[in-house]
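Asker: Pasting the sequence and the predicted coordinates here, then a few questions.
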Amino acid sequence: MFKKKYAALVAVMLVVGMLLSACGSKDSGNSGNKDGKDDNFTVAMVTDTGGVDDKSFNQSAWEGLKAFGKKNDMKVGKDVKYLQSTSQADYAPNLNQLIHQNYDLVYGIGYLMESDVKKAAEQNPDAQLAIVDSVVTDDNKKPMKNVASITFKEQQGSFLVGVVAGMTTKSKKIGFIGGIKSELIKKFESGFKAGVKTVNPDAKIFVQYAGDFNAPDKGQAIAATMYGKGADIIYHSAGATGNGVFTEAKTRKKNGENVWVIGVDRDQYEQGLPEDVTLTSMVKRVDNAVTEVSKETQQGKFPGGKVLEFGLKDNGVGITTNKDHMEHVSADELKKVEEYKNKIINGEIKAPKTDKEYDAYLSSLK
Amino acid sequence: MKRIFNNNRLFSFLIPVISVILGLLAGAIIMLITGYNPLLAYQSIIHSIFFEPYYSGETIRAMIPLVLSGLAVAFAFRTGLFNIGVEGQLLVGWFTAVAVGIGFGDLPKAVLLPLAIIAAALAGAIWGFVPGFLKARFKVHEVITTIMMNYIALHVTNYLIRTYLYTQGERTPSVPESASLSSKFLMDLTQGSRLHWGFIVALIAAVIMWFILWKTTKGYELRSVGFNPNASKYAGMNVNRNVILSMAISGAFAGVAGAMEGLGTYQYMTINSTFIGIGFDGIAVALLGLNTSIGVIFGAALFAGLKIGSISMQSIAGVPTDLVQIIIALIIFFVASSYLIRWLLVRLKKGGK
Amino acid sequence: MSYVIEMRNIRKEFPGIVANDDITLQVNKGEIHALLGENGAGKSTLMNVLFGLYQPEKGDIRVKGKKVNITDPNIANSLGIGMVHQHFMLIDKFTVTENIILGSEPTLGGKLDLKHAGKQVMKLSEQYGLDVKPNKKIEDISVGMQQRVEILKTLYRGADILIFDEPTAVLTPLEVKELTKIMKLLVKEGKSIILITHKLKEIMEICDRCTVIRRGKGIGTVEVKDTNPDQLASMMVGRQVNTKVNDEPYKPNGDVLIVDNLTVVDSRKVPVVDQLNLTVKGGEILGIAGVDGNGQTELIEAISGLRKVKKGSITLNQKEITNLSPRKITEKGVGHIPEDRHKHGLVLDFSVGENIVLQTYYQKPQATAGYLHYNNIYQKAKSLIKEYDVRTPDAYTPARALSGGNQQKAIIAREIDRSPDLLIAAQPTRGLDVGAIEFIHNKLIEERKQGKAVLLVSFELDEILNLSDRIAVIYEGRIIDIVTPSETNENELGLLMAGQKEKAAVQREENF
């Protein structure tokens, strides 16, 4: 007992000593940032709970920032940095932390951060913020002055993978699985369906929403039904729910069925291995978008209050560029894809992003 | 109430304090090994939560649900029940508060705000009642049922949001101002943190728990049942009814914790892909706080401080937030193992008589 | 002459108390030596010093004339000292043999040699008349048999000095007799025995000499044949003990408790109280004698509302209380000193004060409208603590910190203070020392004097015989006979308790 008390006392003293010495050294630690601010452009981002190695948005955004930093000789971890959130409660303090440290541009990665970015923007009118995949509006539904909203024309990329699907399908039956029905996912669905119908007007398209972005089991069940009904290609836009689609496709491929999955958001080639079920992927180049916005801001042209839409033209969306990952798509087909890409870029084709636009597009085909 | 402050009490009070210190020391060692500067890390925590109003505000804000979930665990524990279901009770409380806030948005604030909080408490109470009833009636162990109820709560609230209250951003719409706990005054005071009036609710809840347990006949019964159900039955108390009541009250605390998130911190509820963890943190908070009201407040303060401090720690000292989780885990580990040490000491003492 | 064990001027301190202060114990070879003292007098400490669990601050120990330094139990074992613990240290799932060889397993080429060990155990068992079956699992044998396994364990390790720690506390009267026989046989075979006890009767029956300690001090050693229970008791307690019996004339009033055709089943739906009839009158103590497990516990639980009644009725003061809740029954005037004070009688982590109001906390003046008045509670507690001489630092001390006797006094204070018409006292003096027993017996007799009905259940036949006005013998859930203490004796009761009603009748004929 006495020994224990003594040990505790020593421990207390150690900690107190540590804290005191730490407090003493505080000034030297903080001053660096402020001095450098005027000459150096600094940029940072807040990840959601996935962190920068999530093989998705956060990772892509961070890669973009790092590339941007490298090009401009910025110090990673200081001039260019990220803060990871351990829960959604962390978004706001993380954003604030970076704003308080006077970063010239602070990104919130992902639409889950919308309300936190909005609040931070309201509280810090001088800060320059950006959000990926969402539009931050003020109470009058107008985009906020000090927030750049980065969105993507997912319908365009989806249109292209739709073209691939329409040309590849043997059964003329194709599936689309969405996460949760929303404006955003509708863009994927509409663009994809338009692409399929453009090259294969007779194809039948099954559409189903899982109601969840995090339910691989549901994704697998839905995929099983669709493949069972004869679909040979499924395009998913369902986050982790889509992992179940891959699982189902791999199982069927092992059993000799010739089925495919089209990946989303990034090149999901590896996800299809070793059975190699990934036909192609619709990629969202968050890295390109982030680099672009950072560049503009550095040049003093912060696109605050704007809703930026990154499309095919800006290399914001597209189809897998790695040729090795497209081995199942023939050269002719690739040529066709290139054709449609150009048509979209020069405005000849307008990929639909809502049900209404899709219906209009369909009737224009006839 | 007059209580003696003997060695035993002092000892049980020392355990959490020593554990916290050991946890921090161990964390410092890990930082040194992994190449971070522990002095800078801890200094950044201390500095941010004590000297930067924004983080002070955020720390208190983070304390609010932790206090309430800690109280929920502690209350059940006083009756000998292990409520692992605080997480689920919190989620249903959160949803209910937001749903009531949105659904009855026309009511004046003086009516709507209390109504939303009470509704959340009721929802949590119902979620606690079910395991309590199953335990009392069918002797189903509450640990199992509360864990199950957590999953039910998670998926049911997600379903309800998706079906009835969905808006862009995977969440419900925000509650109207008349159901909001947020305060411009507190926000300005803390340079824009999300601190809200919920801290008063949390403090009142702590007083309520203390009052129920130590000042009322019901509390006397609950504690008696917790210590010795056999003697309580012998003395004419209805053990089963007390078990149910305890779980329901515990659930009510948890439900209010959810309301604090729904009406205060966020003003809405998101679709949660996994558990948010506040309910589980409540277990540690209660353990650290020795299941007393005041202890729970201190325990919650420590947890909230570490959590919010970790943001500065990550940003200034470059230490990953995962390390804070490790430190928290170490603290709990030391608390748990000191109980073991204490248990051994007590055993030895008894053997020696 | 040299003693087989000699402990001289032993002093052992613990923080705050001196557990042994200058105690001397000398044991002759081949004798049964009693170590007598109240609970907490320091008997166990002294024996733990001998067994190497504690190191004394002062004094020395000689074994067979040689000065030794016993620093751990292994040394004690090698010196031939063995301890038969009160709480058995046996593994339920192991057989008798496996338990006995545990810790010194014989091997044959690296393999456990159970066969040889079994034979050896058998041999020892026969030699000392222990009648142990080596291949039975511990969980399948009776408590008495388990104790013999403990004895065998020490013998197997070659002990010739055996310490018995309160060996009869857990035994039935019949088993006690068997144990007595075994101990005598052990001594005849050349072993020496130290018997730790506070039961005077046992000492008178089997011991040769007796060393008495009181509050850590050695009071003296006496030859048992030169002494009597009263002298031993006063040596132990430090004052004259009045082994007062129920000597007031028997003047019963009307029936307070009527149990009619009562059937109670246990968890396996087996009737454990079987169509039982019983009446307790005001102003009498009705003793229930019986071997443990014949339905006493269930009968009391049924009366006090803790167990559901299957058939029959229970009436208190002409009002039916069958299957009422414990609280209703308590309120109607039943007090209950429970059999297991730690399990049922007290909330050990509550303060003494909180325990005092365990049934009445919700009533005025302890509480109004659900709000507790702690001042009133502790006031009441303080006055009861004084009145019933509960030795506790204060009313705020946790009940856990009190000695068994004082815990029991607190329970009795609580139960009697409510002035119940029927007081159920189940094993009220189990494990208590003479002083506390005396106090409790007086309290029960006082209740009787006040015209209350007292239902006493006890495994101690002496207690039943000394206190009861009538004795009901319970056997397999029924009252098989009701006898008057003055017209019966232990032998007859023993036979009745074993269900041998005819033999008992013969026994009585022979006696009177």
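Answerer: Structure received.
Asker: can you list the weak-confidence ranges in chain B?
Answerer: Low-confidence segments of chain B (pLDDT under 70): B:1-11, B:169, B:338-353.
Asker: need the helices for it, in chain order.
Answerer: B:7-33, B:38-51, B:53-78, B:86-103, B:109-138, B:142-164, B:184-189, B:198-215, B:217-227, B:229-234, B:239-260, B:278-288, B:293-316, B:321-352 (DSSP state H).
Asker: residue of the stretch 201-350 of chain C with the smallest distance to chain A?
Answerer: Using Cβ to the nearest Cβ, the single residue of the stretch 201-350 of chain C nearest to chain A is C:Asp349, 21.5 Å away. The way it works is simple: take the backbone N, C-alpha and C, and place the C-beta from them, glycine included.
Asker: quick one, phi psi at that residue?
Answerer: phi -90, psi 0 (degrees, to the nearest 10).
Asker: try A:Tyr103
Answerer: phi -70, psi 140.
Asker: Excluding covalently adjacent residues, which one is nearest to it?
Answerer: In this structure, A:Tyr103 finds its nearest non-sequential neighbour in A:Ala44, 4.5 Å apart by Cβ to Cβ, 6 or more residues apart in numbering or on different chains.
Asker: Tell me the first helix or strand C-terminal of the helix or strand hosting that neighbour.
Answerer: Secondary structure assigned from DSSP states H and E places A:Ala44 in strand A:43-46. Moving toward the C-terminus from strand A:43-46, the next helix or strand (DSSP H and E) is helix A:57-71.
Asker: residues contacting the residue nearest to A:Val52 when sequence neighbours are not counted?
Answerer: Nearest residue to A:Val52, sequence neighbours excluded (Cβ to Cβ, 6+ apart): A:Trp62, at 4.3 Å. Going by Cβ atoms under 8 Å, 6 or more residues apart in numbering or on different chains, A:Trp62 touches A:45, A:47, A:52, A:82.
Asker: picking up where we left off before, and the residue nearest to A:Tyr103, what does it touch?
Answerer: A:Ala44 touches A:65, A:80-83, A:98, A:101, A:103, A:105-107, counting by Cβ under 8 Å, 6+ apart.
Asker: Among these, which ones are in strands?
Answerer: Judged by DSSP state E, those include A:80-83, A:105-107 as members of strands.
Asker: who wins for neighbours among those residues?
Answerer: A:Tyr107 (31 neighbours; other Cβ atoms under 10 Å in any protein chain shown).
Asker: can you pull up the bridge partners for that one?
Answerer: Taking DSSP bridges as the rule, A:Tyr107 bridges to A:Met45, A:Ala130.
Asker: which SS state does the residue of the stretch 51-200 of chain C found nearest chain A fall under?
Answerer: Proximity of the stretch 51-200 of chain C to chain A (Cβ to the nearest Cβ) peaks at C:Tyr54, 17.6 Å away. Here C:Tyr54 takes the coil state, with states given by DSSP: H, G, I helix; E, B strand; the rest coil.
Asker: Kindly reformat the contacts of A:Trp62 as CSV containing pLDDT.
Answerer: Below are the contacts of A:Trp62 laid out as CSV (pLDDT from 0 to 100):
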residue, pLDDT
A:Met45, 93
A:Thr47, 88
A:Val52, 79
A:Tyr82, 90
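Asker: could you check the distance from the closest residue to B:Met260 other than its chain neighbours over to chain A?
Answerer: Leaving aside its chain neighbours, B:Met260 sits nearest to B:Gly198 (4.0 Å; criterion: Cβ to Cβ, 6+ apart). For B:Gly198, the distance to chain A equals 13 Å [Cβ to the nearest Cβ, to the nearest Å].
Asker: List the contacts of B:Gly198.
Answerer: Here B:Gly198 is in contact with B:61, B:64, B:181, B:260, B:263-265 (Cβ under 8 Å, 6+ apart).
Asker: Which of those sits closest to C:Asp230?
Answerer: B:Ile64 (70.5 Å; Cβ to Cβ).
Asker: who are the neighbours in contact with the closest one?
Answerer: B:196, B:198-199, B:201-202, B:257, B:260, B:264-265.
Asker: same deal with A:Phe188?
Answerer: By Cβ under 8 Å, 6+ apart, the neighbours of A:Phe188 are A:154-155, A:158, A:176, A:178, A:235, A:237, A:264, A:282.
Asker: what's the distance between it and chain B?
Answerer: For A:Phe188, the distance to chain B - Cβ to the nearest Cβ - is 15 Å.
Asker: name the element that residue belongs to?
Answerer: helix A:183-199.
Asker: Just the CA atoms of that helix, as PDB, please.
Answerer: Provided in PDB are the C-alpha atoms of helix A:183-199 (Å, rounded to 0.1, in the frame of the first residue of the first chain):
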ATOM      1  CA  GLU A 183     -30.200  13.200 -56.600                       C
ATOM      2  CA  LEU A 184     -26.500  12.300 -56.600                       C
ATOM      3  CA  ILE A 185     -27.000   8.600 -57.400                       C
ATOM      4  CA  LYS A 186     -29.700   9.400 -59.900                       C
ATOM      5  CA  LYS A 187     -27.000  11.100 -62.000                       C
ATOM      6  CA  PHE A 188     -25.100   7.800 -62.200                       C
ATOM      7  CA  GLU A 189     -28.300   5.900 -63.000                       C
ATOM      8  CA  SER A 190     -29.600   8.300 -65.700                       C
ATOM      9  CA  GLY A 191     -26.300   8.700 -67.500                       C
ATOM     10  CA  PHE A 192     -25.600   5.000 -67.400                       C
ATOM     11  CA  LYS A 193     -29.000   4.000 -68.800                       C
ATOM     12  CA  ALA A 194     -28.600   6.600 -71.600                       C
ATOM     13  CA  GLY A 195     -25.300   5.300 -72.600                       C
ATOM     14  CA  VAL A 196     -26.600   1.700 -72.800                       C
ATOM     15  CA  LYS A 197     -29.600   2.700 -74.700                       C
ATOM     16  CA  THR A 198     -27.600   4.800 -77.200                       C
ATOM     17  CA  VAL A 199     -25.600   1.800 -78.400                       C
END
